[in-house]
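Undergrad: A predicted structure for the sequence below; I have some questions about it.
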Amino acid sequence: MTGPKLNEKSFVAGERSGTKASALYVRMSASKVRAVLNLIRDLPVRRADEVLQFTDKEAARVVRKVLASAVANAQHNDEQDPEELYVKAAFADEGPTLKRFTPRARGRAGRINKRTAHITVVVDRLDDDRIEIVQAREARRTAAGRRRVAAGGTTASRRARVERSRTKAQALKSGDTAEVETTEAIVDQVETDQVEAVEADTVEATEDAQTEENN
């Protein structure tokens with residue numbers, strides 16, 4: 001699967017929208033590059049960059065540079081907002097193959113094919129519905145990150161489970177069943193309050209994002 005292609009004539013004629021960037025004669029096979037391109041196709045550029053950053057493949061490093069170039073072209077040449085872009089098309093074509101030889105038995109020679117590839121990434125603006133979804137998702141992730149930082153890097157639900165386990169173990173050692181039930185009820189109430197607080201923060205962050213967008 002190479003993905004949809006947007007040729008040069010379509011760009012010149014203005015038949016298709018999008019901004020592209022290319023890397024030619026990359027010294028790796030096109031099949032290895034396509035395995036990475038399949039991970040980012042149709043993703044928002046921020047999410048695509050995160051995927052490439054943590055992909056343990058050599059091709060991901062090159063593709064990430066091409067993606068950054070495409071985003072820069074869209075920002076400076078087409079005056080697009082980088083936060084509203086997504087990977088519209090990503091494909092790798094085979095370049096010329098460099099032929100090398102290695103000596104083999106009985107005076108023969110074994111051929112070594114050194115593949116090259118032409119990588120192209122096309123970015124375009126998201127539609128309005130997808131932009132709202134992406135902004136709401138980013139607002140939720142930002143609110144969750146702030147809560148994790150405020151909690152010292154540990155989620156509240158995990159702390160509650162650890163505290164419940166410790167209290168229950170101590171109560172079981174002492175043989176006090178009523179204390180165990182009371183402790184579990186208190187922890188359940190604390191977890192419920194935390195969930196409600198998280199939902200309230202999420203709604204507030206979403207409303208703030210929509211208000212900023214309308215302004």
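TA: Cool, got the structure.
Undergrad: distance of residue 109 relative to residue 100?
TA: Distance of residue 109 to residue 100, computed by CB to CB, to the nearest Å: 10 Å. Where you see a C-beta, it was placed from the backbone N, CA and C, and this is true even at glycine.
Undergrad: same question for residue 129.
TA: As defined by CB to CB, residue 129 lies at a distance of 52 Å from residue 100.
Undergrad: ditto for residue 82
TA: In terms of CB to CB, residue 82 sits 41 Å off from residue 100.
Undergrad: do residue 162 as well
TA: Taken as CB to CB, the spacing of residue 162 relative to residue 100 amounts to 59 Å.
Undergrad: next: residue 134.
TA: The gap separating residue 134 from residue 100 is 46 Å, by CB to CB.
Undergrad: more neighbours: these two, which one.
TA: Counted by other CB atoms under 10 Å, residue 134 and residue 100 do not tie: residue 134 has more neighbours, with 18 against 10.
Undergrad: can you verify my assumption that that one contacts residue 44?
TA: Yes. Taking CB atoms under 8 Å as the contact criterion, residue 134 and residue 44 are neighbours in contact, 5.3 Å apart.
Undergrad: now do the shared contacts for these two.
TA: When contacts are counted by CB atoms under 8 Å, 6 or more residues apart in numbering, residue 134 and residue 44 have residue 126 as shared neighbours.
Undergrad: give me the neighbour count for the closest residue to residue 104 other than its chain neighbours.
TA: Nearest-residue entry for residue 104: residue 110, 4.6 Å, with adjacent residues in sequence omitted and distances by CB to CB, 6 or more residues apart in numbering. Residue 110 is flanked by 10 other residues according to other CB under 10 Å.
Undergrad: check what contacts the helix or strand residue 110 falls within and list those residues.
TA: Mapping residue 110 onto the secondary structure by DSSP states H and E places it in strand 109-114. Outside strand 109-114, the residues within contact range by CB under 8 Å, 6+ apart are 27, 97-104.
Undergrad: which residues touch the closest residue in space to residue 58 that isn't next to it in sequence?
TA: Leaving aside its sequence neighbours, residue 58 sits nearest to residue 28 (CB to CB, 6+ apart; 6.7 Å). For residue 28, the residues meeting the contact criterion (CB under 8 Å, 6+ apart) are 58-59, 62, 115-117.
Undergrad: what's the weakest-modelled helix or strand in this structure?
TA: Among the helices and strands of the chain, helix 8-13 carries the lowest confidence by mean pLDDT, DSSP states H and E, at a mean of 51.
Undergrad: quick one: strands adjacent to the next helix or strand after that one?
TA: Moving toward the C-terminus from helix 8-13, the next helix or strand (DSSP H and E) is strand 19-26. In the sheet, strand 19-26 lines up against strand 117-125 (antiparallel) (DSSP bridges).
Undergrad: using CSV, list the CA coordinates for the strand it pairs with.
TA: Listed next in CSV are the C-alpha coordinates belonging to strand 117-125 (Å, rounded to 0.1, in the frame of the first residue of the first chain):
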residue,chain,number,x,y,z
ALA,A,117,14.0,5.6,-2.5
HIS,A,118,12.2,8.9,-3.2
ILE,A,119,10.0,9.8,-0.1
THR,A,120,7.1,12.3,-0.5
VAL,A,121,4.8,13.6,2.3
VAL,A,122,1.8,15.7,1.5
VAL,A,123,0.0,17.7,4.3
ASP,A,124,-3.3,19.5,4.1
ARG,A,125,-5.7,21.3,6.4
